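Enquirer: what's the 3D shape of this:
(one chain, ligands or ions: 2)
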Amino acid sequence: MKYLVIKCGGSVYETLPTSFYKSIIQVATDSEWTPIIVHGGGPKISKLCEQLNIESTFYNGLRVTSQEVLEVAEMVLNGSINKEIVTKIHNEGGKAIGLSGLDGHLLVAEPLKGGKLGFVGEVKEVHASILAQVAEQGFIPVISPIASDNDGQHYNINGDMAAAAIAGALGAKLCFVSNVPGIWIDKDGERTILSEVSDLEIKELIKKKIISGGMVPKVISAIESLQNDVKEVSIISGHDEESIKILTSGGNVGTKVFLEEGVTYVG
Ligand SMILES: Nc1ncnc2c1ncn2[C@@H]1O[C@H](COP(=O)(O)OP(=O)(O)O)[C@@H](O)[C@H]1O
Ligand SMILES: CC(=O)N[C@@H](CCC(=O)OP(=O)(O)O)C(=O)O
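Expert: Numbers count the residues shown, from 1 in each chain. Ligands and ions are numbered 1, 2, ... in the order given. Below you'll find the model as predicted:
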């Protein structure tokens, strides 16, 4: 099976047009591609933390996660957003099943290496056969990035990192759907979207802080996924109705990330 992992950013999922979900359903039913949705939900987690007076801060685009923040992240990601996306797909005539990384132990996590970010995890293992089974039954899997380790401790996983791990396990094509049409740089005083960018260029852009905030985990995940069996990675806008169809028909849209030959990225 040819898999397309679609990471829906928390920045954009609420404003995605119905045509976006329709195009994913069409890909699932009428093409050789099997779509798998992984979602985030950063802004909604921040909002609920604020309402509950729980401190929430970021380090390099990752949320520092105390026990209280973890509980909020689970409520928002597993409880709220996952089911909203499943419902949106059903409303457009598709079939979806929502899962978190906890369900069936789909994602096995461990604490983020070198991290002092509390309960932030990274994915150590993906039980990808669960996704193949769900997809074979005609359902689009919709995955929330909460996972547990082998002792049952839960972790908050950045959605981009979860999507990259899942795409790696499936040898998939990966796209990050966000509220920007790709990676921008300033050129002659104007903001330009790069049609493609290499791992080495990305390293420079991060150093110069041209790539910052939530774009950092996205590009790092993109590079790591390409080093780990992912066929192709793009960062695209959720508001471009044609983008998913273009990707599945072999075209280019947004910013495509590639590895410079013979060079290994060291983060
Ligand atoms: N060079 C850049 N190009 C595009 N976006 C950038 C760049 N640097 C930082 N960003 C920020 O990254 C954001 C996307 O990351 P994030 O908010 O985490 O999105 P999502 O919720 O879709 O994962 C953009 O809205 C933008 O503000
Ligand atoms: C560890 C970590 O940063 N987890 C993220 C999970 C949600 C996410 O990734 O949401 P976006 O798609 O909006 O970025 C968070 O708590 O915000």
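Enquirer: list of residues touching stretch 240-248?
Expert: 4, 6, 17, 19-20, 23-24, 26-27, 31, 33, 35, 173, 175, 177, 181, 234, 236-237, 252-254 (Cβ atoms under 8 Å, 6 or more residues apart in numbering). From N, CA and C alone the C-beta is placed, and that goes for glycine too.
Enquirer: list the buried residues of it.
Expert: When neighbours are counted by 16 or more other Cβ atoms under 10 Å, the buried residues of stretch 240-248 are found to be 240, 243-244, 246-248.
Enquirer: what mean pLDDT does that stretch get?
Expert: Per-region confidence: stretch 240-248 scores 90 on mean pLDDT.
Enquirer: how distant is it from the center of its chain?
Expert: Put simply, stretch 240-248 sits 17 Å off its chain's centre (Cα atoms, centre = their mean, to the nearest Å).
Enquirer: is it positioned near ligand 1?
Expert: No: contact between stretch 240-248 and ligand 1, assessed by Cβ under 6 Å from any ligand atom, is absent, since the two come no nearer than 13.7 Å.
Enquirer: CA atoms of that stretch as PDB?
Expert: Backbone C-alpha positions of stretch 240-248 (Å, rounded to 0.1, in the frame of the first residue of the first chain) are rendered in PDB as follows:
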ATOM      1  CA  ASP A 240      -5.100  25.400  -1.100                       C
ATOM      2  CA  GLU A 241      -7.900  23.100  -2.200                       C
ATOM      3  CA  GLU A 242      -5.900  21.300  -4.700                       C
ATOM      4  CA  SER A 243      -2.700  20.600  -2.700                       C
ATOM      5  CA  ILE A 244      -3.500  17.000  -1.500                       C
ATOM      6  CA  LYS A 245      -4.600  16.000  -5.000                       C
ATOM      7  CA  ILE A 246      -1.400  17.500  -6.500                       C
ATOM      8  CA  LEU A 247       0.800  15.600  -4.000                       C
ATOM      9  CA  THR A 248      -0.900  12.300  -4.800                       C
END
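Enquirer: still on that earlier bit, which of the contacts of stretch 240-248 are buried?
Expert: Buried residues within the contacts of stretch 240-248, defined by neighbour count using 16+ other Cβ under 10 Å: 4, 6, 20, 23-24, 26-27, 33, 35, 173, 175, 177, 181, 234, 236-237, 253-254.
Enquirer: what about the helices in the stretch 51-200 of the chain?
Expert: If DSSP state H, counting those that start in this stretch is used as the criterion, the helices of the stretch 51-200 of the chain fall at 67-74, 82-91, 129-136, 159-170, 199-207.
Enquirer: can you pull up the residues of the stretch 51-200 of the chain that come close to ligand 1?
Expert: For the stretch 51-200 of the chain, the residues in contact with ligand 1 (Cβ under 6 Å from any ligand atom) are 178-180, 183-184.
Enquirer: farthest-separated two in those?
Expert: Spatially, the most separated pair among these is 179 and 183, at 13.0 Å (Cβ to Cβ).
Enquirer: between those two, which one's more packed in?
Expert: Of the pair residue 179 and residue 183, residue 183 is the one with more neighbours under other Cβ atoms under 10 Å, namely 26 against 16.
Enquirer: phi, psi of the residue located most distally from the centre of the chain?
Expert: Relative to the C-alpha centroid of the chain, counting by Cα atoms, centre = their mean, residue 188 is the outermost residue, at 31.6 Å. With angles defined as degrees, to the nearest 10, residue 188 shows backbone torsions of phi 50, psi 50.
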